[in-house]
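Q: coords below, sequence missing:
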């Protein structure tokens, strides 16, 4: 069983930056691929970024490619999402998720989820 806790959300102006963190407990963290997803009111949860167990392979949604960077520190059992050049349309609750072995952009593929952290980008 893996527990995930996100932090780092907040209010930022368009063009600004935020770094989200997701701390994991339980389970062997290095066995899990990690992903970030987001959900805004009235919309389905959508994929943002994912990375492999070692962090060597990353994958991004087209909407964030070149602006967001996902990374992990297995020694600290933490995954990060560095968000730069933020836009109002990035406003959402951001969730981290874990699944064993291979990464995925599919919400249904993930077994464990955090409670989410709110990111609000003002124009």
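A: Received, thanks. Keep in mind that what you see is a predicted model, and the values were worked out from it rather than measured.
Q: Straight-line length of stretch 1-9, end to end?
A: Chord length of stretch 1-9, first to last residue, is 25 Å (C-alpha to C-alpha, to the nearest Å).
Q: again, but for stretch 33-46
A: Using C-alpha to C-alpha, the end-to-end distance of stretch 33-46 comes to 17 Å.
Q: Quick check: residue 15 touching residue 83?
A: No - using C-beta atoms under 8 Å, residue 15 is not in contact with residue 83, being 11.4 Å away. (Glycine included, C-beta is placed from N, CA and C.)
Q: higher neighbour count, these two?
A: residue 83 (27 against 11; other C-beta atoms under 10 Å).
Q: so what's the more buried one up against?
A: Contacts of residue 83 were listed using C-beta atoms under 8 Å, 6 or more residues apart in numbering, and they are 17, 18, 19, 20, 64, 67, 68, 90, 119.
Q: neighbours around the fifth one, how many?
A: Neighbours of residue 64 under the rule other C-beta under 10 Å: 22.
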